[in-house]
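# let's see this in three dimensions:
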Amino acid sequence: MATTGKAEEQENPAEPGTVSGPQETPAPETGADEKLAELEDRWRRAVADLENIRKRHVTDLRRETEAERARVAAAWLPVLDNLELALAHAESDPSAIVQGVHAIRDQAVRLLAEFGYPRDEETGVRFDPNRHEVVAVVEDPATEPNTVTGVVRPGYGTDRHQLRPTAVTVSKSQG
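As a prediction, the model looks like this:
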């Protein structure tokens, strides 16, 4: 038989005299179908597990947020109690209220520091735009330019976690 470059034609043994084209590939085996079904089942289970984890995370986050809010609020209760005591004793000894308010302020400052927000009210330091907010520029020949000369409002926090920047006055450049 001579080859013509095309797929060789063969006689179909089922029907004598008929010619069929190239052989067709057989259907996938049953083992491949089972493997595909197993993989699909594993995929669906993984997706369901992921969704359950997401829902659990949302619930846990809500619970933790509520617990943290309650912890912070409870930590401030002694400050509130002391303010109420100071106000109750203000009429009996007005001079004592000043001492009481100072003590309560110190208590609040300590509490903020415990939460990671220490008070910042330094003067004489170089102006740092990450920590300071300039509210006025003053002429002060006794200090270097860009030096914090006064604190208008104290700041709270660290370089990484700042609650509020320190409002400062800064010496201007001599020029």
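# residue 160: helix or strand, and which one exactly?
Taking DSSP states H and E as the definition, residue 160 sits outside all helices and strands.
# how near is it to residue 79?
Note on residue 160: its distance to residue 79, by C-beta to C-beta, to the nearest Å, is 25 Å. For every residue, glycine as well, the C-beta is placed using N, CA and C.
# of these two, which one has the most company?
Comparing residue 160 with residue 79 by other C-beta atoms under 10 Å, the one with more neighbours is residue 79, at 15 against 7.
# the residue lying closest to residue 130 once chain neighbours are set aside: neighbour count?
With C-beta to C-beta, 6 or more residues apart in numbering as the criterion, residue 130 has its nearest non-adjacent residue at 6.0 Å, and that residue is residue 159. Counted by other C-beta under 10 Å, the residues lying close to residue 159 total 8.
# any idea how far residue 159 is from residue 43?
Taking C-beta to C-beta, one finds residue 159 at 47 Å from residue 43.
# one more: residue 80?
55 Å.
# and for residue 142?
Taken as C-beta to C-beta, the span from residue 142 to residue 43 is 74 Å.
# who's more crowded, those two?
residue 43 (10 against 7).
# check what pLDDT that one gets.
pLDDT for residue 43: 97.
# need the three-state assignment for it.
Following DSSP: H, G, I helix; E, B strand; the rest coil, we place residue 43 in the helix state.
# low-confidence ranges in the protein?
Scanning the chain for pLDDT under 70 picks out the ranges 1-29, 174-175.
# now with 90, please.
Scanning the chain for pLDDT under 90 picks out 1-31, 83-101, 140-143, 159-160, 172-175.
# domain assignment for it?
Residue ranges for the domains of the chain, per automatic domain parsing: 30-115, 117-175.
# out of the ones you listed, which is the most enclosed?
Stretch with highest mean neighbour count among these: domain 117-175 (a mean of 15; mean count of other C-beta atoms under 10 Å).
# next one: that domain to chain centre, how far?
Put simply, domain 117-175 sits 28 Å off its chain's centre (C-alpha atoms, centre = their mean, to the nearest Å).
# over to stretch 83-95?
Stretch 83-95 sits 42 Å away from the centroid of its parent chain (C-alpha atoms, centre = their mean).
# for it, measure first residue to last.
15 Å (C-alpha to C-alpha, to the nearest Å).
# which residues touch it?
96-97, 100-101, 104 (C-beta atoms under 8 Å, 6 or more residues apart in numbering).
# tabulate these (CSV), appending secondary structure and distance to residue 70.
Shown next, in CSV, are the contacts of stretch 83-95 (DSSP: H, G, I helix; E, B strand; the rest coil; distance: C-beta to C-beta, whole Å):
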residue, secondary structure, distance to residue 70
96, helix, 33
97, helix, 31
100, helix, 27
101, helix, 27
104, helix, 22
